[in-house]
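Colleague: need a 3D model of the sequence below.
(one chain, ligands or ions: 1)
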Amino acid sequence: MPFELPKLPYALDALQPHISKQTLEFHYGKHHQAYINNLNNLIAGTKFENASLEQIIREADGGIFNNGAQVWNHTFYFMSFSPQASHEPQGKLAQTINSQYGSFASFKEQFSKAAVTLFGSGWAWLAAKEDSSLEIIQESNAGNPLRKGLIPLLTCDVWEHAYYLDYQNKRPDYLQAYWNVLDWKVISERFYD
Ligand code: MN
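Modeller: Numbers count the residues shown, from 1 in each chain. Below is the predicted model of the structure:
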């Protein structure tokens, strides 16, 4: 089965004014779709033809890794948003953020800094280690913490295509908007014991 663009649980204009309909039309409708098309073309006739995206991220290299990871990363990113978002972490994730970073506000500051200072194109991540501690990670290009055996909890796409239509070169403004549409109910459920 070829990979397909996942349906979003919200309308393309639902995240306005923080992320515009036009940005989602391009970012989800064109960029995400293009990674899926590229991946399907690249895996045809290879050992990854029937592989999961997670297997591709862990084992593939070159174009198959790049496109496969970009498909996974974008799905994870878009599925973290909601127009009726819960704005605070819940349960065990809330406790762990507070104990490790001091407060949610301090965590937001550190994560935003990682996203804003990431040089070039890439993704800022919050990931869990095997011992359930948390780590903020900067990954270039299509990088994904699964490749290092970590569990991704949250990501921010800092490729310019994620924000240029709405915020031009002002990545910090995009980061401010990003916190408004993140659904911490969904994100908190990704963190298990
Ligand atoms: Mn992107």
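Colleague: tell me the buried residues in the helix ranked longest in the chain?
Modeller: Criterion DSSP state H: the longest helix present in the chain is helix 62-78. Across helix 62-78, burial judged by 16 or more other CB atoms under 10 Å covers 64-78. For the C-beta atoms, the positions are set from N, CA and C on the backbone; glycine is no exception.
Colleague: report the buried residues of stretch 164-178.
Modeller: Across stretch 164-178, burial judged by 16+ other CB under 10 Å covers Y164, L165, D166, Y167, R171, Y174, L175, A177, Y178.
Colleague: what residues does stretch 156-163 touch?
Modeller: Identification of contacts with stretch 156-163 by CB atoms under 8 Å, 6 or more residues apart in numbering yields 23, 26-27, 31, 73-74, 77, 111, 115-116, 118, 121-125, 170-171, 173-175, 178.
Colleague: now it: mean pLDDT?
Modeller: Here stretch 156-163 scores 98 as its mean pLDDT.
Colleague: closest one of the buried residues of stretch 164-178 to G149?
Modeller: G149 has its nearest neighbour among the buried residues of stretch 164-178 in Y178, at 26.4 Å by CB to CB.
Colleague: ok now do the closest one, which residues does it touch?
Modeller: Applying CB under 8 Å, 6+ apart, one finds that Y178 lies in contact with H18, I19, A115, C156.
Colleague: so P152 bridges to which residues?
Modeller: For P152, the beta-bridge partners are A127 (DSSP bridges).
Colleague: distance check, it against F191.
Modeller: Going from P152 to F191 by CB to CB, to the nearest Å gives 10 Å.
Colleague: up against the ion, what does this protein have?
Modeller: Residues of the chain found near the ion (CB under 5 Å from the ion) are D157, W159, A162.
Colleague: restricted to strands, list the residues you listed.
Modeller: Among these, DSSP state E puts D157 in strands.
Colleague: got the residues of the chain next to the ion as a markdown table, with neighbour count columns?
Modeller: Below are these laid out as a markdown table (neighbours: other CB atoms under 10 Å):
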| residue | neighbour count |
| --- | --- |
| D157 | 23 |
| W159 | 19 |
| A162 | 23 |
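Colleague: how about the residue in the chain sticking out farthest from the centre, secondary structure?
Modeller: Centroid-distance maximum for the chain: G45 at 28.7 Å, with CA atoms, centre = their mean. When classified by DSSP: H, G, I helix; E, B strand; the rest coil, G45 comes out as coil.
Colleague: show me the chain divided up by domain.
Modeller: With domains defined by automatic domain parsing, the chain comprises 21-78, 91-192.
Colleague: if we ignore the residues flanking it in sequence, what's nearest W179?
Modeller: Closest residue to W179 apart from its sequence neighbours, by CB to CB, 6 or more residues apart in numbering: K108 at 6.4 Å.
Colleague: number of nearby residues for that neighbour?
Modeller: By the measure other CB atoms under 10 Å, the count of residues near K108 is 17.
Colleague: a strand runs through it, doesn't it?
Modeller: No. The assignment for K108, made by three-state DSSP, is helix rather than a strand.
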